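Student: 3D model of this:
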Amino acid sequence: MTTSEHTLVRSETADGFATLTLDSPHNRNALSPALIAQLRAGLQAAGEDPSVRAVVLTHAGKTFCAGADLASASGEHADFATHGLGELLRQILELPKPVIAAVDGHVRGGGMGLVAAADIAVAGPNASFALPEAKLGVAPAVISLTVLPRLDFRSASRYFLTGETFGSGEAQRIGLITAAEDNHDEQLAAFKAALLKASPQGLAESKRLVNAQAVERFRDLPDLAALSARLFQSEEAREGVTAFLRKREPRWAM
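Tutor: Numbering: from 1, shown residues only. Purely as a prediction, here's the structure:
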């Protein structure tokens with residue numbers, strides 16, 4: 001992947017790892033169609049590269065991923081949800097190489113789906129997490145395919161409904177991430193060292209076993225994508241997104 005002013009995902013390969021860095025600070029690494037396409041291309045290249053043992057998914061700036069690109073989602077969300085985000089999440093789950101999410105920034109909406117899809121997730125002290133969809137008049141439909149299998153039931157109910165923000169310690173407690181560390185770089189290095197000791201075949205087949213049930217859930221992707229599209233095209237969602245972009249309360253807030 002060449003570097004240019006249109007590069008939203010930087011790709012580097014060294015020492016057995018492909019590092020994919022979300023680098024779209026102007027919109028807080030939001031999941032635009034262009035960013036999704038570049039991330040999918042980076043994952044495919046890493047999967048086909050025999051020198052790559054595993055993938056590290058990380059970010060530039062203070063936000064790992066702000067979720068959907070709300071400025072453009074309403075007009076194209078049906079295609080975005082069906083052929084974009086959902087297929088990206090499935091690709092992460094099915095990639096025959098481990099994916100480590102290295103997070104030390106804000107994670108919202110669709111970004112939660114990415115973290116949940118990763119095989120290992122490490123978060124630092126600056127990380128925060130939230131599922132704000134209900135506040136916008138929509139629901140975390142497509143990302144529920146990866147998020148729900150990670151969370152305990154009570155926590156899923158709480159955070160899907162309230163949209164509360166929580167930190168790394170809580171994210172680890174409820175199962176969203178693997179480790180919450182003040183020095184997450186050291187923990188990341190430890191996980192990378194452990195993966196380098198495993199064989200490529202051993203990693204691929206072990207990951208396939210672990211993710212088999214999560215992959216099976218993707219039979220529901222068409223229905224969830226249709227739900228997401230319908231919600232984003234609704235009057236409530238238009239009000240919620242407009243209120244968010246204009247930094248005001250939606251009319252239903254009490």
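
Student: go ahead and confirm E133 touches Y159.
Tutor: No - between E133 and Y159 there is no contact under Cβ atoms under 8 Å: 10.5 Å. All C-beta atoms are positioned from the backbone trio N, CA, C, and that covers glycine.

Student: which residue ranges of the stretch 101-250 of the chain form strands?
Tutor: 106-108, 120-123, 128-130, 166-167, 179-180 (DSSP state E, counting those that start in this stretch).

Student: looking at this, R40 is in a strand?
Tutor: No - per DSSP: H, G, I helix; E, B strand; the rest coil, R40 lies outside any strand segment and is helix.

Student: that one is in contact with Q91, isn't it?
Tutor: Yes - contact criterion Cβ under 8 Å: R40 and Q91 qualify, at 6.0 Å.

Student: show me what the nearest residue to Q38 once chain neighbours are set aside is bridged to.
Tutor: The shortest distance from Q38 to any non-neighbouring residue, by Cβ to Cβ, 6 or more residues apart in numbering, is to V9 (4.1 Å). Counting by DSSP bridges, V9 is bridged to L22.

Student: secondary structure element for the residue lying closest to H6 once chain neighbours are set aside?
Tutor: Using Cβ to Cβ, 6+ apart and skipping residues adjacent in sequence, the residue nearest H6 is A34, 7.5 Å away. Taking DSSP states H and E as the criterion, A34 maps to helix 33-48.

Student: and after that helix, which helix or strand comes next?
Tutor: strand 54-59.

Student: what are the pairing partners of the next helix or strand after that next one, and which direction each?
Tutor: From strand 54-59 onward toward the C-terminus, using DSSP H and E, the following helix or strand is strand 63-65. Counting by DSSP bridges, the strands paired with strand 63-65 are strand 106-108 (parallel).

Student: and the partner strand, how far out from the chain middle?
Tutor: How far strand 106-108 lies from its chain's middle: 9 Å, per Cα atoms, centre = their mean, to the nearest Å.

Student: quick one, helices of the stretch 51-200 of the chain?
Tutor: 70-79, 86-94, 110-117, 133-136, 144-150, 153-162, 168-173, 184-196, 200-216 (DSSP state H, counting those that start in this stretch).

Student: closest one to E235 among the ones you listed?
Tutor: Among these, the nearest to E235 by Cβ to Cβ is helix 70-79 (11.5 Å).

Student: how about low-confidence regions in the stretch 101-250 of the chain?
Tutor: Of all residues in the stretch 101-250 of the chain, none has pLDDT under 70.

Student: surely G110 and C65 touch.
Tutor: Yes - look at G110 against C65 with Cβ under 8 Å: they come within range, at 6.4 Å.

Student: most packed of the helices of the stretch 51-200 of the chain?
Tutor: helix 110-117 (a mean of 27; mean count of other Cβ atoms under 10 Å).

Student: okay, now A101: neighbour count?
Tutor: 27 (other Cβ atoms under 10 Å).

Student: list the beta-bridge partners for it.
Tutor: L57, A121.

Student: list the contacts of it.
Tutor: Contact analysis of A101 by Cβ atoms under 8 Å, 6 or more residues apart in numbering lists 57-58, 64, 114-115, 118, 120-122, 177.

Student: how close does it get to L57?
Tutor: A101 sits 5 Å away from L57, going by Cβ to Cβ, to the nearest Å.

Student: what of A14?
Tutor: When A14 is compared with L57 (using Cβ to Cβ), they lie 15 Å apart.

Student: and these two? which has more neighbours close in?
Tutor: L57 (26 against 9).

Student: what sits against that one?
Tutor: 20, 22, 99-102, 114, 118.

Student: before we move on, what about T63?
Tutor: 25, 28-29, 105-108, 111.

Student: who wins on neighbours among the residues you listed?
Tutor: Of the contacts of T63, with other Cβ under 10 Å as the count, V107 tops at 32 neighbours.

Student: surely that one meets H59?
Tutor: No - taking contacts as Cβ under 8 Å, V107 lies outside contact range of H59: 9.2 Å.
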